[in-house]
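**Student:** I'll drop the sequence and a predicted model, then ask my questions.
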Amino acid sequence: MKYLVTGGAGYVGGVVAQHLLEAGHEVVVLDNLSTGFREGVPTGASFIEGDIRDAAKWLDSSFDGVLHFAASSQVGESVVKPEKYWDNNVGGTMALLGAMREAGVKKLVFSSTAATYGEPEEVPIVESAPTRPTNPYGASKLAVDFMITSEANAHGLGAVSLRYFNVAGAYGKQGERHDPESHLIPLILQVAQGRREAINVFGEDYPTPDGTCVRDYIHVADLAEAHLLALKAAEPGEHLICNLGNGEGFSVRQVIETVRQVTGHPIPEVVAPRRGGDPATLVASAATAREKLGWNPSRTDLAGIVADAWEFAQSISAAREQ
Ligand SMILES: O=c1ccn([C@@H]2O[C@H](COP(=O)(O)OP(=O)(O)O[C@H]3O[C@H](CO)[C@H](O)[C@H](O)[C@H]3O)[C@@H](O)[C@H]2O)c(=O)[nH]1
């Protein structure tokens with residue numbers, strides 16, 4: 001099959017593109033390199049440097065489906081620059097859906113997020129939980145989910161939205177890196193590398209066992225496998241929404257301790273004020289993904305996830321020093 005992967009020069013999109021190639025598919029990556037890296041596009045994929053708003057230039061009936069990752073995805077930035085999120089995530093996806101309709105491409109897998117739920121009433125979170133996003137990033141992704149449902153109902157699109165919890169780890173040459181770095185595991189690894197003195201713990205007075213925020217960390221390769229299963233499960237005229245997480249929560253302090261064990265570095269920590277908009281606990285129920293996609297994550301051990309992230313962090317530092 002031939003698939004368009006938007007955002008395929010980014011972390012998750014690149015890993016999914018790699019999995020598609022390994023499964024024998026033809027892959028065309030469309031990425032404007034605003035946050036992605038050209039070298040992250042897997043070998044064997046064709047690459048178009050371009051914007052999703054112009055997808056109609058390249059999308060034609062030779063494609064069997066689209067996997068859509070291209071988006072702005074920084075929660076903090078979305079609060080100060082909401083217009084960027086409505087424009088890129090909502091406007092961009094509207095253009096992409098229009099191009100798909102014109103070209104007769106009827107299958108879509110969309111990268112949605114746990115941020116669509118906001119502060120949950122109950123954990124683990126099921127897909128029928130209330131969606132009350134606490135920031136424009138989550139709101140823009142929720143708006144896209146609604147857009148996709150209506151496209152499926154009106155025009156027969158077969159779609160699956162995958163709501164990711166905290167994606168981590170690495171696969172092949174793709175790992176997590178942002179500029180500036182803002183995510184917990186890569187930041188702690190920078191401390192282990194001596195590039196940062198200490199890790200800030202954003203709040204230790206949450207209603208959790210050790211007072212720090214609890215998240216559900218999922219290996220990027222397990223996440224990628226769900227996308228290939230979603231392509232098989234997508235049915236014309238239907239929009240399926242599935243959470244992707246391991247169903248087990250780890251606190252910020254547990255993650256720091258795991259990084260100490262994996263890297264052998266002491267990792268000093270500094271308690272800092274809470275970060276705005278952080279829910280105390282986000283843990284997925286992935287029962288829908290297991291039942292409807294046949295998904296069965298196998299890399300659920302946090303130390304293993306951190307070890308893969310550590311190997312990637314070391315490889316990019318070695319490349320930087322050359
Ligand atoms: O220096 C840091 C960085 C993070 N944290 C804490 O570590 C946890 C994880 O933070 P991340 O920034 O790594 O991840 P988030 O849970 O905030 O974000 C994830 O979930 C969001 C939705 O809520 C978005 O989908 C986002 O892209 C995704 O990475 C949070 O409690 C955060 O407060 C710290 O204590 N110190």
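**Tutor:** Everything's here; your move.
**Student:** got any ranges where the stretch 201-322 of the chain has weak pLDDT?
**Tutor:** Scanning the stretch 201-322 of the chain for pLDDT under 70 picks out no residues.
**Student:** Pull out the buried positions in stretch 24-39.
**Tutor:** H25, V27, V28, V29, L30, D31, N32, T35, G36, F37 (16 or more other C-beta atoms under 10 Å). For every residue, glycine as well, the C-beta is placed using N, CA and C.
**Student:** next one: stretch 100-111
**Tutor:** M100, R101, A103, V105, K106, K107, L108, V109, F110, S111.
**Student:** May I have the strands that pair with the helix or strand encompassing the last one, each with its orientation?
**Tutor:** This points to S111. Taking DSSP states H and E as the definition, one finds S111 inside strand 107-113. Under the criterion DSSP bridges, strand 107-113 sits next to strand 65-68 (parallel), strand 158-164 (parallel) in its sheet.
**Student:** Beyond the last one, next helix or strand please.
**Tutor:** Secondary structure here is assigned by DSSP H and E; on that basis, the next helix or strand after strand 158-164 toward the C-terminus is strand 166-168.
**Student:** Just the residues contacting that following strand, thanks.
**Tutor:** With contact meaning C-beta atoms under 8 Å, 6 or more residues apart in numbering, strand 166-168 is reached by 11-12, 114, 176, 184-185, 215-220, 223, 245, 282, 305-306, 309.
**Student:** make it 10 Å
**Tutor:** With C-beta atoms under 10 Å, 6 or more residues apart in numbering as the test, strand 166-168 has contacts from 11-12, 15, 111, 113-114, 175-176, 183-186, 215-220, 222-224, 244-246, 249-250, 255, 282-284, 302, 305-306, 308-309.
**Student:** Of these, which belong to helices?
**Tutor:** Using DSSP state H, the members of the contacts of strand 166-168 that fall in helices are 11-12, 15, 184-186, 220, 222-224, 255, 302, 305-306, 308-309.
**Student:** which residues touch the one residue in the stretch 201-322 of the chain that gets nearest to the ligand?
**Tutor:** Residue of the stretch 201-322 of the chain nearest the ligand, by C-beta to the nearest ligand atom: C213 (3.0 Å). By C-beta under 10 Å, 6+ apart, the contact set of C213 is 184, 201-204, 206, 249-253, 255, 274-275, 278-282.
**Student:** if you set the cut-off to 8 Å instead, what comes out?
**Tutor:** Per C-beta under 8 Å, 6+ apart, neighbours of C213: F202, G203, Y206, S251, V252, D278, P279, A280, T281.
**Student:** isn't the second one right up against G277?
**Tutor:** Okay, so that is G203. No - contact criterion C-beta atoms under 8 Å: G203 and G277 do not qualify, at 11.7 Å.
**Student:** Give me the buried positions along stretch 177-195.
**Tutor:** Buried, per 16+ other C-beta under 10 Å, within stretch 177-195: R177, H183, L184, I185, P186, L187, I188, L189, Q190, V191, A192.
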